[in-house]
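Enquirer: curious how this folds, go ahead:
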Amino acid sequence: MVHLICLILKKPARAKHSESFEEDSLSCRFVIDGFGIRIGESITVYNDLLIVKAGKVYLGIPLKHTEVQGKKIVVKGLIDQVKAKELGETWRTTVYREIKQPSEETHEC
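Expert: Numbering: from 1, shown residues only. All right, here's what the predicted structure looks like:
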């Protein structure tokens with residue numbers, strides 16, 4: 001009887017790392033290049049790309065070229081800015097939806 005109670009109360013084993021946990025841990029971090037210059041802030045992971053907001057531009061950086069160092073993400077090697085902007089723009093147009101604020105003129109209380 002005691003053995004049965006122990007089996008019921010035993011917590012299930014946790015998975016070591018789930019894909020969603022890994023994706024969540026990469027968002028909202030500063031992204032820097034190999035020289036320590038800040039590129040932007042990570043927004044999300046899309047397929048095998050890290051999406052980074054750099055000012056008003058979105059960049060798509062392959063995950064295989066990134067490395068987590070403490071609270072920052074470091075991009076290994078040089079970034080092809082044109083390709084990164086193209087990948088980021090593709091993500092923005094297919095996935096990202098901006099929230100439009102209602103104008104003050106149309107808002108009635």
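
Enquirer: the spatially most central residue of the chain - nearest residue in space that isn't next to it in sequence?
Expert: Central residue of the chain (CA atoms, centre = their mean): T44, 2.4 Å from the mean position. Once flanking residues are discounted, T44 sits nearest to I51: 5.0 Å by CB to CB, 6 or more residues apart in numbering. The way it works is simple: take the backbone N, C-alpha and C, and place the C-beta from them, glycine included.

Enquirer: just checking, the residue nearest to the centre of the chain touches Y58?
Expert: No - using CB atoms under 8 Å as the test, T44 is too far from Y58 to be in contact (10.0 Å).

Enquirer: okay, and the common contacts of the two?
Expert: Common contacts of T44 and Y58 (CB atoms under 8 Å, 6 or more residues apart in numbering): I51.

Enquirer: would you mind finding the longest strand in the protein?
Expert: Longest strand in the chain, counting residues (DSSP state E): strand 38-46.

Enquirer: in its sheet, what does that one sit against?
Expert: Here strand 38-46 has these sheet partners by DSSP bridges: strand 30-32 (antiparallel), strand 49-54 (antiparallel).
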